[in-house]
Each structure stands twice: as C-alpha cells, then as structure tokens.
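Student: with the input below, show me the fold.
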Amino acid sequence: MANLFTLTDRLLERALDGVAARQRVTAHNIANVNTPGYKRHRLSFEESLHQAVEKAERRRLAGTVTHPRHIPIGERSSPLERPFRVERDMTTTMRNDGNNVDIEAELAQLTKDQVFYQALADQVARRYAMLRAVITEGRR
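Tutor: Numbers count the residues shown, from 1 in each chain. Next up is the predicted model:
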C-alpha cells in the first residue's frame, strides 16, 4: 500500500508547526518587552527542515518495519520528528535594565510569520483539493 502523505506533505505540516511555534516565542518576547533583565528568545526551524530534505534525498531506500522483531534499516527517527530548539539571545542589550527585546523587530517578525503561515496553509489546502479531485475523479 502506498503512503498517502508524501515528504512534501510532512514538510508542509512541520513548517506550519515551526511557524506557529515561532509566533508563540515572538509573542512571549513581546509580552516581556518591559521586563528588566529579560533576554529575547528566538526559534529558527528552516535550517532543520532543509537538512531533513537533504537527508531524505540521500536516503531514498529505507526499510519498513512491519513486525517488532524486525531490524530497522536506516535512522529510527526522522529529522522531521525532532523538537524545535529555542535559543536565548544573550549577546545584545537594548536598554540599561538589561532587556534586549526590540519591539519593532518583534512585531515585524510576527507580521512576517503571519504571511508565511497563510502561504503554507494555502499550499496545504491546494494539496488536499488535488487529492479530493483525484478521489472523486474530477466530479463534484
């Protein structure tokens, strides 16, 4: 039986998860804009997705485990399943109280992520529309 969801589908899902997580991190930074000593956090997931694509291209032949006693071929966990890493920016200070949150930069990041999320959601909707057309053979 063929897998219904391709690498592209999994990448789109993971990218949506990454953008949503980054929006939460950005919102947390905005909420702490006036907290003395607060250091902003950042989440970057694009590089990990890029590495996952490269790894998938190198590993075209992968074994499938159909029984608990089978020996797995290849990696047990996909790079697409690893958690996102949130980093704390300790290198800068914006104010005398030690806070380094630049509200304008955070709002710009939030806006950028909203546009990116919408574009990804549109791609997912198009993929499901194509799947629906195939299932119904083009009929409504």
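Student: drop to CA atoms for contacts and neighbour counts, all remaining ones
Tutor: OK.
Student: just the element for the spatially most central residue of the chain, please.
Tutor: Compute the mean C-alpha point of the chain, and by Cα atoms, centre = their mean the closest residue is Gly18, 2.5 Å away. For Gly18, the host element (DSSP states H and E) is helix 7-31.
Student: which SS state does Thr92 fall under?
Tutor: Per DSSP: H, G, I helix; E, B strand; the rest coil, the local secondary structure of Thr92 is coil.
Student: list the buried ones in the helix holding Gly18?
Tutor: 11-12, 14-16, 18-19, 21-23, 25-27, 29-30 (16 or more other Cα atoms under 10 Å).
Student: which residues sit against that helix?
Tutor: Outside helix 7-31, the residues that touch it by Cα atoms under 8 Å, 6 or more residues apart in numbering are 40-46, 49, 80, 84, 101, 103, 106-107, 109-110, 113, 116-117, 120-121, 123-124.
Student: could you turn the buried ones of the residues you listed into a PyMOL selection?
Tutor: Selection of buried members from these for PyMOL, criterion 16+ other Cα under 10 Å:
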select buried, resi 40+41+42+43+45+49+80+84+101+103+106+110+113+117+120+121+124
